[in-house]
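J.: Got a sequence here, can you model it:
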Amino acid sequence: MALSNCTSCGQVMLNSRSMFCGDCLEKYSSDIDKVKDYIKTHPRPSLMEAYQKTDIPIKTIQQFIKDGIISRLN
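T.: From the prediction side, this is the model:
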């Protein structure tokens, strides 16, 4: 197998289906769950509100929206 770098932290890893190393993939999944859970209990929050309540960076939340992982916020 070939080596590649994690797109998040740059750590060297074996090529896999994921762009992320194991640690970053776990954090990425956790961040998705935090935002989804917040949206479930607070429908249609603003981007700023979601950021302030979850501590997930705005750029990350915007990427989740762009990738179709979560639906648009308010």
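J.: Can you name the helix or strand that Lys27 falls in?
T.: Using DSSP states H and E, Lys27 falls within helix 22-41.
J.: dump the residue contacts of Thr60.
T.: When contacts are counted by Cβ atoms under 8 Å, 6 or more residues apart in numbering, Thr60 touches Asp31. C-betas here are computed from N, CA, C, even on glycine.
J.: contacting residues for Asn5?
T.: 11-13.
J.: Now it: phi and psi?
T.: Torsion angles at Asn5 (phi, psi; degrees, to the nearest 10) stand at phi -110, psi 140.
J.: Low-confidence stretches in this protein?
T.: Applying pLDDT under 70 to the chain flags the ranges 1, 74.
J.: Quick check, central residue of it?
T.: Residue closest to the average C-alpha location in the chain (Cα atoms, centre = their mean): Tyr28, at 4.3 Å.
J.: if I look at it, how far off is Cys6?
T.: Look at Tyr28 and Cys6: by Cβ to Cβ, to the nearest Å, they are 10 Å apart.
J.: Spit out the residues that contact the two alike.
T.: Going by Cβ under 8 Å, 6+ apart, residues that sit against Tyr28 and also against Cys6 are Phe20.
J.: residues in contact with Ile32?
T.: So Ile32 contacts 64, 69-70 (Cβ under 8 Å, 6+ apart).
J.: oh, I was asking about Ile65
T.: By Cβ under 8 Å, 6+ apart, the neighbours of Ile65 are 71-73.
J.: How far does the helix or strand encompassing it sit from its chain's centre?
T.: Using DSSP H and E, Ile65 sits within helix 58-66. Centre-to-centre, helix 58-66 and its host chain are 7 Å apart (Cα atoms, centre = their mean, to the nearest Å).
J.: And for stretch 20-31?
T.: With Cα atoms, centre = their mean, you get 8 Å for stretch 20-31.
J.: Same question for stretch 47-58.
T.: With Cα atoms, centre = their mean, you get 12 Å for stretch 47-58.
J.: Fine by me, thanks again.
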